[in-house]
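Asks: below are the sequence and a predicted model for it; my questions follow.
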Amino acid sequence: MFFKKLKFTRDKKATEKTAPSQFFTSSEKLYIPVSQLTLGMYIVELDRSWLDTPFMFQGFELQNQAQLRAVKNICDYVYIDTTKSKRHQFEPIANQNKPAHVSASKLLNNIHNTPPLKLGTFEQEITRAETIYKQTETLVSSIMKTAAKGGSLDGWVAQKAVLECMNSVLHSPDAMLWLTQLKDKDEYTAQHSLNVCLLSIVLGRHMDLPHDSIVTLGLCGMLHDIGKMRIPLEILKKQLPLNEEEQRVMESHTLLGYELLKSGENMPTSVMETALTHHEHVDGTGYPRHLKQAAISDFTKIVAVVNAYDDMTSNRNNRNSLPHLEATQILTNLAGSHLDRHVVIKFIETLGVYPPGSVVVMTNGEVAIVVEINEHAKLRPKVIIILDEEKNPVAERMVDLSTLVTDKKGNPYTIKNVIRPEDWHIDTKKYYQSGFVQKSFVAK
């Protein structure tokens with residue numbers, strides 16, 4: 001018999017799934033949601049262990065409706081072997097952007113969703129977030145070095161790291177947002193890739209996307225610029241404007257990234273597609289294919305916005321970073337032409353006016369660093385005062401602006417504006433390394 005002789009009434013959501021292998025791509029094996037299964041397809045892998053199912057064989061053709069119902073009752077998705085499936089035609093992998101594009105195009109359908117509740121607080125999460133950030137940063141650097149040498153990349157290893165990042169963000173997006181502000185100019189490429197990954201995850205959480213979509217989105221962000229590892233350093237780090245030939249070489253990083261990822265292992269088509277298209281513009285003026293709005297996947301639209309923001313707020317070559325509010329204003333100006341308008345709006349909403357890690361001047365002249373956003377009072381976050389009215393260092397102290405706490409003169413603490421740390425000779429990384437965040441929570 002096709003089914004094992006055992007009672008099987010397990011709820012498919014309660015069954016422990018195996019590690020997803022959706023990052024496997026070949027001309028034979030194709031990911032497919034169970035809703036798209038039809039008779040004649042040959043299933044070679046499930047989204048859980050075969051031992052947790054009533055199926056006798058690890059690989060079988062769907063021959064009748066009973067088998068089809070059994071798979072749909074147990075699994076959310078499966079993998080089929082296109083060479084063994086009957087009566088069906090499948091796209092070759094070289095043109096297999098369509099399934100990923102169809103899936104990605106649904107991300108923005110519910111863009112007005114409200115974000116889920118945080119599972120923890122900044123104070124509870126910051127230590128774990130720091131560990132995950134450092135481990136992932138090391139992994140990204142390793143991936144970059146491998147790519148620079150022309151080595152093969154493994155999407156599954158990167159996906160596991162992105163999953164850890166997502167779990168941390170679900171507990172406290174503020175903790176990871178804080179860490180994205182601790183930038184090192186000398187490590188721009190690796191940190192930029194990691195920050196785009198993390199900011200994409202934070203945005204995905206705010207949009208209340210399914211967790212598997214958030215992981216894929218994070219992986220798209222992490223690997224979007226991988227092709228730059230094949231660009232000559234003299235062009236990549238040139239401080240003067242590029243000439244026409246150098247610009248052509250620089251723009252080739254999109255195709256180089258696509259080819260690198262395509263030759264790797266366990267890499268989803270959405271990630272390859274984003275590497276290829278993250279410089280496309282919704283009005284068709286981008287590169288390399290001059291795609292317009294409808295032809296650009298939602299994964300790409302999201303990463304494009306995040307990529308532009310992190311690039312503007314980072315010091316690189318001879319260009320200083322822009323403050324948060326200036327960067328978001330530029331994003332707003334680009335909405336509808338270069339960038340997707342709905343994604344820009346949602347991204348700005350995600351970060352708020354004063355994102356964690358921002359350095360702000362209070363109305364009384366004191367200077368503080370934003371630590372945690374108050375979900376119900378976003379203009380009144382938690383901050384840590386670091387300089388007094390005369391801009392002299394003081395013993396750091398935590399102030400929760402949502403409680404309407406007052407300063408020495410009895411006036412409520414409020415934020416006047418965001419500043420660039422460099423303009424005030426403030427090294428936020430130095431403050432963080434001294435453990436002042438943890439001390440401030442203890443002393444509050």
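Replies: Thanks, I have it. This is a predicted model, so every value here is computed, not measured.
Asks: ramachandran angles for the closest residue to Lys391 other than its chain neighbours?
Replies: Once flanking residues are discounted, Lys391 sits nearest to Val367: 6.6 Å by Cβ to Cβ, 6 or more residues apart in numbering. All C-beta spots, glycine's among them, are computed from the backbone N, C-alpha and C. Per-residue torsions, Val367: phi -120, psi 140 (degrees, to the nearest 10).
Asks: could you do Lys72 as well?
Replies: phi -70, psi -30.
Asks: which is the next helix or strand following the lowest-mean-pLDDT helix or strand in the chain?
Replies: None of the helices or strands of the chain scores lower by mean pLDDT, DSSP states H and E than helix 97-104, at a mean of 38. Toward the C-terminus, helix 97-104 is succeeded by helix 122-148 as the next helix or strand (DSSP states H and E).
Asks: so which bits of that following helix are buried?
Replies: Buried residues in helix 122-148, defined by neighbour count with 16 or more other Cβ atoms under 10 Å: 122-123, 125-126, 128-130, 132-133, 136-137, 139-141, 143-144, 146-147.
Asks: swap in stretch 200-220?
Replies: Neighbour-count burial for stretch 200-220 [16+ other Cβ under 10 Å]: 200-207, 209, 212-220.
Asks: about what we covered before: relative to Leu351, how far out is the residue nearest to Lys391?
Replies: For Val367, the distance to Leu351 equals 20 Å [Cβ to Cβ, to the nearest Å].
Asks: check Ile373 too.
Replies: Taking Cβ to Cβ, one finds Ile373 at 9 Å from Leu351.
Asks: okay, the two: which has more neighbours?
Replies: Shown here are Ile373 and Leu351; by other Cβ atoms under 10 Å, Ile373 has more neighbours (25 against 22).
Asks: residues contacting Val360?
Replies: Tyr354, Val367, Ala368, Ile369, Val370, Val383, Ile415, Lys416, Asn417, Val418, Ile419 (Cβ atoms under 8 Å, 6 or more residues apart in numbering).
Asks: so the last one versus Thr428, what's the distance?
Replies: Looking back up the chat, that one is Ile419. 12 Å.
Asks: what's the answer for the fifth one, then?
Replies: Summarising the geometry, the distance separating Val370 from Thr428, computed by Cβ to Cβ, is 10 Å.
Asks: find residues that contact each of the two.
Replies: Contacts common to Val370 and Thr428, judged by Cβ under 8 Å, 6+ apart, are Gly357, Val359.
Asks: quick one, which of the two is more surrounded?
Replies: More neighbours surround Val370 than the other of Val370 and Thr428, with 26 against 17 (other Cβ under 10 Å).
Asks: give me the beta-bridge partners of the more buried one?
Replies: According to DSSP bridges, the residues that bridge with Val370 are Val383.
Asks: wait, it touches Leu351, no?
Replies: No - look at Val370 against Leu351 with Cβ atoms under 8 Å: they stay out of range, at 10.7 Å.
Asks: which neighbours do these two share?
Replies: Counting by Cβ under 8 Å, 6+ apart, nothing touches both Val370 and Leu351.
Asks: residue contacts, the closest residue to Leu153 other than its chain neighbours?
Replies: Counting by Cβ to Cβ, 6+ apart, Leu153 lies nearest to Gly264, which is 3.7 Å off, once chain neighbours are set aside. Counting by Cβ under 8 Å, 6+ apart, Gly264 touches Ser152, Leu153, Asp154, Gly155.
Asks: same thing but at 10 Å, please
Replies: Gly264 makes contacts with 23, 25, 143, 146-147, 151-156, 158, 223, 226, 271-272, as judged by Cβ atoms under 10 Å, 6 or more residues apart in numbering.
Asks: in this structure His192 contacts Leu223, no?
Replies: No - counting by Cβ atoms under 10 Å, Leu223 is not a contact partner of His192; they are 11.9 Å apart.
Asks: shared neighbours, these two?
Replies: Residues touching both His192 and Leu223 (Cβ under 10 Å, 6+ apart) are Val140.
Asks: count of neighbours near Ser252?
Replies: A count of neighbours around Ser252, defined by other Cβ under 10 Å, yields 16.
Asks: same deal with Asp154?
Replies: Using other Cβ under 10 Å, Asp154 is surrounded by 16 other residues.
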